[in-house]
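**Student:** Build me a structure from this.
(one chain, ligands or ions: 2)
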Amino acid sequence: MADLKCTDLCMTFANQQTGAKVEALKDINFTLKKGELLSVLGPSGCGKTTLLNMVAGFITPTSGQIAVGDRVIDGPGADRGMVFQQGALFEWLTVAKNVDFGLRMQGVSEAESRDQVEKWLATVGLQGFADTPTYQLSGGMQQRVALARCLVNDPDVILMDEPLGALDALTREKMQSLVLELWKKTGKTIIIITHSVEEALLLGERLFVMAPRPGRIHKEYQLPFAEWGLKRSLRDIKLEPEFSTVREEILTMIWNMEEEIMGGA
Ligand SMILES: Nc1ncnc2c1ncn2[C@@H]1O[C@H](COP(=O)(O)OP(=O)(O)O)[C@@H](O)[C@H]1O
Ligand SMILES: [Mg+2]
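**Tutor:** Residues are numbered from 1 along each chain as shown. Ligands and ions are numbered 1, 2, ... in the order given. Next comes the predicted model:
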């Protein structure tokens, strides 16, 4: 069982202009069980991207530890896959060449990787697009490619930093359903960062609301909506009184945090 465990995680940056210290994260502790779906919300600058980049192994914490199962993370690895915001694909390459990138790096032959690529393209709804140059695809389709590119490497943990932020509302809703579908189908552990309270509620069995200065987990929720979303339309769920109640509570919480930030600026 590859649980993801963060223990006493701290990250302090030095501001490049002033040299002043920024506590991007302080004392972050949590364990995600295999297959859990976590969404992370919080005002700009509260350390969401820093947290994700540390789990990915792109940056090393000032202190504390991250482990996947028994392995302590000390850099990027194939056990953790990242889906970035739109625009992180090799646009001049075909869909297949984008998706099989990780496999080719591992030395898997083109013939062998082709089967894998076809399988994952079908799963994300892009059957028949293997040989299309990526720049010809819509934003939503490009994010489907990004998901397939991540899944083909069979990571234990999938990390997404505002992956749907650049999409129009309708496409975004379809992609939210796809994320839930993939979560159910693959049983992967997923962390998704988002700016949208609604998205965080829909795409998190657990939800962390983070606060800034220092970046920390302010409040945690356990939510039923992701499970509901596997069987019901997301639009329906958003109309439920239970959904609106938590949405309003969190909106107020973040509003107050932002007021405080503005007040202190
Ligand atoms: N490489 C860096 N050097 C200096 N400060 C940084 C660096 N990366 C992030 N920070 C600071 O750390 C804090 C958290 O940033 P970030 O994780 O990007 O927040 P979020 O993703 O929640 O908007 C911010 O104050 C930001 O300015
Ligand atoms: Mg960010």
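
**Student:** mind listing the strands for the stretch 101-250 of the chain?
**Tutor:** Counting by DSSP state E, counting those that start in this stretch, the segments of the stretch 101-250 of the chain that form strands are 157-161, 189-193, 206-211, 216-222.

**Student:** Could you dump those into CSV and include mean pLDDT?
**Tutor:** Converted to CSV, the strands of the stretch 101-250 of the chain look like this (pLDDT from 0 to 100):
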stretch, mean pLDDT
strand 157-161, 96
strand 189-193, 98
strand 206-211, 98
strand 216-222, 98
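
**Student:** how about those strands in a markdown table, adding mean neighbour count and distance to ligand 1?
**Tutor:** (Each C-beta comes from the backbone N, C-alpha and C, glycine too.) Written out in a markdown table, the entries for these read as follows (neighbours: other CB atoms under 10 Å; distance: least, CB to the nearest ligand atom, whole Å):
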| stretch | mean neighbour count | distance to ligand 1 |
| --- | --- | --- |
| strand 157-161 | 23 | 8 |
| strand 189-193 | 25 | 7 |
| strand 206-211 | 22 | 7 |
| strand 216-222 | 15 | 11 |
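
**Student:** who touches Leu167 in this structure?
**Tutor:** 86, 139-140, 143, 175 (CB atoms under 8 Å, 6 or more residues apart in numbering).

**Student:** one more time with 7 Å, if that's ok
**Tutor:** Remark: with contacts taken as CB atoms under 7 Å, 6 or more residues apart in numbering, Leu167 is in contact with 139-140, 143, 175.

**Student:** Now distance to Val157, pLDDT and neighbour count too, for those, in JSON lines please.
**Tutor:** Rendered in JSON lines, the data for the contacts of Leu167 read as follows (distance: CB to CB, whole Å; pLDDT from 0 to 100; neighbours: other CB atoms under 10 Å):
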{"residue": "Gly139", "distance to Val157": "25", "pLDDT": "93", "neighbour count": "16"}
{"residue": "Gly140", "distance to Val157": "24", "pLDDT": "93", "neighbour count": "19"}
{"residue": "Gln143", "distance to Val157": "19", "pLDDT": "94", "neighbour count": "29"}
{"residue": "Met175", "distance to Val157": "20", "pLDDT": "95", "neighbour count": "23"}
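
**Student:** Looking at the residues you listed, spot the one nearest ligand 1.
**Tutor:** Proximity of the contacts of Leu167 to ligand 1, judged by CB to the nearest ligand atom, is greatest for Gln143, which lies at 18.8 Å.

**Student:** looking at it, that closest one is touching Gly87, isn't it?
**Tutor:** No: between Gln143 and Gly87 no contact is recorded; they are 10.0 Å apart, counting by CB atoms under 7 Å.

**Student:** Could you count how many residues lie near Gln16?
**Tutor:** 7 (other CB atoms under 10 Å).

**Student:** Does ligand 1 have contacts with stretch 79-93?
**Tutor:** No: judged by CB under 6 Å from any ligand atom, stretch 79-93 and ligand 1 are separated, with a smallest distance of 11.3 Å.
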